[in-house]
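# give me the fold of what follows.
(one chain, ligands or ions: 1)
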Amino acid sequence: METENRNCALGLHHYLKIILKFQSSTGMFGCRCASGIRGVKCVLSFSVLIGTDAWVLFITCRPVVKQVQEKVFTSDAFHELDLHPHLISTINTVLNMTSMTSVQKQSIPALLEGRDALVRSQTGSGKTLAYCIPVVQSLQAMKPKIQRSDGPYALVLVPTRELALQSFDTVQKLLKPFTWIVPGVLMGGEKRKSEKARLRKGINILISTPGRLVDHIKSTKNIHFCRIRWLILDEADRILDLGFEKDITVILNALNAECQKRQNVLLSATLTEGVTWLAGISLLSPVRISVLDEHHGQSDLKGRAVPEASPLPACGELDSFAIPESLDQHVTLVPSKLRLVTLAAFILQKCKFEKDQKMLVFFSSCELVEFHYHLFLQTLPSCSGTLASGRPPSASTQLKFLRLHGNMAQEERTAVFQEFSHCETGILLCTDVAARGLDLPQVTWIVQYNAPSSPAEYIHRIGRTARIGCHGSSLLILAPSEAEYVNSLASHKINISEIKMEDILSVLTRDDCFKRSRWGSQKSRASGPQEIRERATVLQTVFEDYVHSNERRVSWAKKALQAFIRAYATYPRELKHIFHVRSLHLGHVAKSFGLRDAPQKLSVTAVKRRKANLNRPDLHKKSHSTHHRLAEILRSEYSSGMEAGIAKVEKQNKHAEPGSQPRIAVCSRCPALAVGKTKKHFP
Ligand SMILES: Nc1ncnc2c1ncn2[C@@H]1O[C@H](COP(=O)(O)OP(=O)(O)OP(=O)(O)O)[C@@H](O)[C@H]1O
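Next up is the predicted model:
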């Protein structure tokens, strides 16, 4: 009997309500208790599932917290602002927008007054236009008229290439009536030569990833900042998380050397402590704009931002985050050996048996994305051929898988980003490269297969849905031993409700290809929970048969498993008590990679040994930063495309022993560029 018993942080003696129930459809016996202690409502539930070969007992204590909410829209129209009439008509007709969002209503007038600003508002609330409109308004009004050859007047820094492309697209649309102002994007992945040529011709609004810009500052003579009027750091906290501090310092020094007077703006949905440092070195007497403040009655905003003596975010802002009201968040607790089938069943449930669903599934590393992408692509469409009703699946229910991560060639990355943006349904498997800022239309579900390393990342990942007032849902998949993570999120005012694993798996009864009879000689007469279990076993067997059909696939699965363990070892200290490699059952985790047994040579010991080295005092200083970088590499996969760094790793990997571990390059200048190489194609 396997038990998972999480400590309940809240006392058990204040229960108000106890509900005992037996669910006949699933054979689950459950108990639910609701309590109100110290203003925090707590729901404790336990359920027992008789699994294929084990009893699984879950006891979870889920605190119910009141989430912080912001109002997205205001009733104020753009034409009420003092903007150029052509700019207003472009917003109205090209962008099809009339009313301002709350963050736009506060930011645009403050920025037009010439103030530096620190802007925070929830994901999908329109922060891009909140800075783009004032930039375009101020630049079009400049006399004499801006010339292309003048070079950059505004510099926008963003953490990823996709976000750079997206912001460029918005700026380009706003500039339609002002053809003399030229926007441009630098984002790596493109030949440096052609970027240099574009810089030489002149770019007035320059959008770039930090690493790429530093590359040009150091190697391109054609880049001058003497006319810079605006510096925008979008996703400011992420830019720092990625270890771009050095790059930001190089950029700020380059700007300061040539121009002193400019407006600086930092924006994000989550302001973390690192932003304090950045605000300190880049903002001058800033206004702090937070839609949250207005709602909490902390200021007399009336549509205006309140100047603050200190640019620092208020204490509560670092701890709790606003989440779109129309976003339903869920969690499901799944034992490791059932993780893969549960994810597959959830994808089938939403994207095959429901209409018009568009889903993002987040993984912790490139290797995991590659593995699951190829596995699902090869197995799921052929699996789900016959509906329980006997009808063949219609064309609209065909599964469309795409993947996006920092280890893909830029051309492919851009193509996938465009394709997923424009398609109506589909499943995008991705790393955190897609977590920030991306505005992918009509995404209905966000699945987090590997838990994020911080509440801020959780917020940004789920923020890819329920944008600008639309409805969306999210699902976080946790192992029973990780259930406490829900409490950790609750302490940041993030409220998640539970979906039972067996409710997800029950979708397998809707597709006859998961009937045991197809593989076994005896026709299955099972029903209810037993049938669900049998069908889950059939699906698991499909994955295992595929993986074990040749040696290369087995080795691929082992490498993916290894990547998972490496990533697991990099959770930050404050989450280590929840996510610790020691608590992983390797045999069960191996099942979630389609492996029948835990690989012999793979053990947690190697990770432990490496950790022991990290703790050695003599190595501590150096190792700490290496460890930090490794964590970033494995958890983020944001590459800004400095080919030099990647090419070096490619070369090293080329000469590596066949079958040896892919090398992880830690580029000293930019850890985000350090990637573990994976083969591009699943064998
Ligand atoms: N005033 C408006 N009216 C209608 N739609 C708007 C308005 N402003 C922005 N939008 C749309 O809302 C969506 C989200 O905007 P945007 O990407 O700027 O959000 P964000 O706050 O930057 O999100 P994130 O924090 O995730 O980066 C975009 O599709 C944008 O076109």
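# pull the contacting residues for residue 598.
Shown in contact with residue 598 (C-beta atoms under 8 Å, 6 or more residues apart in numbering): 586, 587, 589, 590. Quick note: C-beta positions are derived from backbone N, CA and C, even for glycine.
# no wait, residue 482
451, 578, 579.
# can we see that at 10 Å?
If you count contacts by C-beta atoms under 10 Å, 6 or more residues apart in numbering, residue 482 has them with 4, 6, 331, 333-334, 451, 476, 488, 575, 578-580, 583.
# can you get me a residue count around the residue lying closest to residue 351 once chain neighbours are set aside?
When the adjacent residues along the chain are set aside, residue 351 lies closest to residue 357, with 5.0 Å between them (C-beta to C-beta, 6 or more residues apart in numbering). Applying the criterion other C-beta atoms under 10 Å, we find 20 residues in the vicinity of residue 357.
# could the contacts of residue 598 go into a markdown table alongside neighbour count and secondary structure?
Formatted as a markdown table, those follow (neighbours: other C-beta atoms under 10 Å; DSSP: H, G, I helix; E, B strand; the rest coil):
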| residue | neighbour count | secondary structure |
| --- | --- | --- |
| 586 | 18 | helix |
| 587 | 14 | helix |
| 589 | 22 | helix |
| 590 | 20 | helix |
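# most widely separated two among those?
In the contacts of residue 598, two members sit farther apart than any others by C-beta to C-beta. They are 587 and 589, at 7.4 Å.
# okay, and the common contacts of the two?
Joint contacts of residue 587 and residue 589 (C-beta under 10 Å, 6+ apart) are 336, 337, 595, 598.
# contact residues of this protein facing the ligand?
Proximity of the chain to the ligand (C-beta under 6 Å from any ligand atom) is limited to residues 97, 99-101, 104, 123-129, 269, 437, 439, 463, 467-468.
# OK, contacts around the residue nearest to residue 351?
Residues 347, 349-351, 424-427, 442-445, 473 are the ones in contact with residue 357 under the rule C-beta under 10 Å, 6+ apart.
# and with 8 Å instead?
Shown in contact with residue 357 (C-beta under 8 Å, 6+ apart): 350, 351, 425, 444, 445.
# what of residue 583?
In this structure, residue 583 makes contact with residue 481, judged by C-beta under 8 Å, 6+ apart.
# which non-adjacent residue is nearest the one residue in the stretch 201-350 of the chain that gets nearest to the ligand?
Nearest residue of the stretch 201-350 of the chain to the ligand, counting by C-beta to the nearest ligand atom: residue 269, 4.0 Å away. On the basis of C-beta to C-beta, 6+ apart, the spatially nearest residue to residue 269 that is not a chain neighbour turns out to be residue 123, at 4.5 Å.
# how about the one you found, secondary structure?
Under DSSP: H, G, I helix; E, B strand; the rest coil, residue 123 falls in the coil class.
# the strands in the stretch 151-300 of the chain, which residues?
Secondary structure of the stretch 151-300 of the chain, counting by DSSP state E, counting those that start in this stretch: strands at 154-157, 183-186, 205-208, 230-234, 263-268, 287-290.
# redo those as TSV? Include mean pLDDT.
Converted to TSV, the strands of the stretch 151-300 of the chain look like this (pLDDT from 0 to 100):
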stretch	mean pLDDT
strand 154-157	98
strand 183-186	96
strand 205-208	98
strand 230-234	97
strand 263-268	96
strand 287-290	92
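# now for the ones you listed, which one comes closest to residue 219?
Taking C-beta to C-beta as the measure, those were each checked against residue 219, and strand 183-186 came out nearest at 12.1 Å.
# what lies in contact with that closest one?
Contacts made with strand 183-186 from outside it, assessed by C-beta under 8 Å, 6+ apart, are listed as 164-165, 168, 171-172, 175, 195, 198-199, 203-209, 212-213, 216.
# give the pairing partners of it; include direction for each.
The pairing partners recorded for strand 183-186 under DSSP bridges are strand 205-208 (parallel).
# quick revisit: so which of the contacts of residue 482 sit within helices?
Assigned to helices by DSSP state H, the following of the contacts of residue 482 qualify: residue 488.
# now rank the contacts of residue 482 by neighbours and give me the top one.
If you count neighbours using other C-beta under 10 Å, the busiest of the contacts of residue 482 is residue 476, which has 27 neighbours.
# quick one, what contacts it?
Residue 476 neighbours (C-beta under 8 Å, 6+ apart): 329, 330, 331, 332, 448, 451, 458, 485, 496.
# swap the cut-off to 10 Å and go again
When the contact criterion is C-beta under 10 Å, 6+ apart, the partners of residue 476 are 329-333, 362, 446-452, 458, 461-462, 482, 485-486, 489, 494, 496, 499.
# one step back: out of the contacts of strand 183-186, list just those in helices.
With helices defined by DSSP H, the entries of the contacts of strand 183-186 inside them are 164, 165, 168, 171, 172, 195, 198, 199, 212, 213, 216.
# selecting buried members of the residues you listed in PyMOL, what would you type?
Provided next is the PyMOL selection string for whichever of the ones in helices among the contacts of strand 183-186 are buried by 16 or more other C-beta atoms under 10 Å:
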select buried, resi 164+165+168+171+195+198+199+212+213+216
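# could you work out the most separated pair of the ones in helices among the contacts of strand 183-186?
Longest distance between any two of the ones in helices among the contacts of strand 183-186 is 20.6 Å, between 172 and 216; criterion C-beta to C-beta.
# what stretches of the protein score poorly on pLDDT?
1-63, 189-190, 293-320, 382-397, 516-527, 601-683 (pLDDT under 70).
# for the residue nearest the centre of it, give its distance to residue 203.
Taking C-alpha atoms, centre = their mean, the centroid of the chain lies closest to residue 435, which sits 2.6 Å from it. Here the distance between residue 435 and residue 203 works out to 28 Å (C-beta to C-beta, to the nearest Å).
# cool, and residue 258?
Residue 258 sits at a distance of 16 Å from residue 203 (criterion: C-beta to C-beta).
# looking at those two, which has the bigger crowd around it?
The residue with more neighbours, out of residue 258 and residue 203 and counting by other C-beta under 10 Å, is residue 203; that gives 26 against 13.
# nearest residue to the more buried one in space, please, no chain neighbours.
Take residue 203 and drop its neighbours on the chain: the residue closest to it by C-beta to C-beta, 6+ apart is residue 184, 3.3 Å away.
# part of a helix, is residue 541?
Yes: read with three-state DSSP, residue 541 is one of the residues of a helix.
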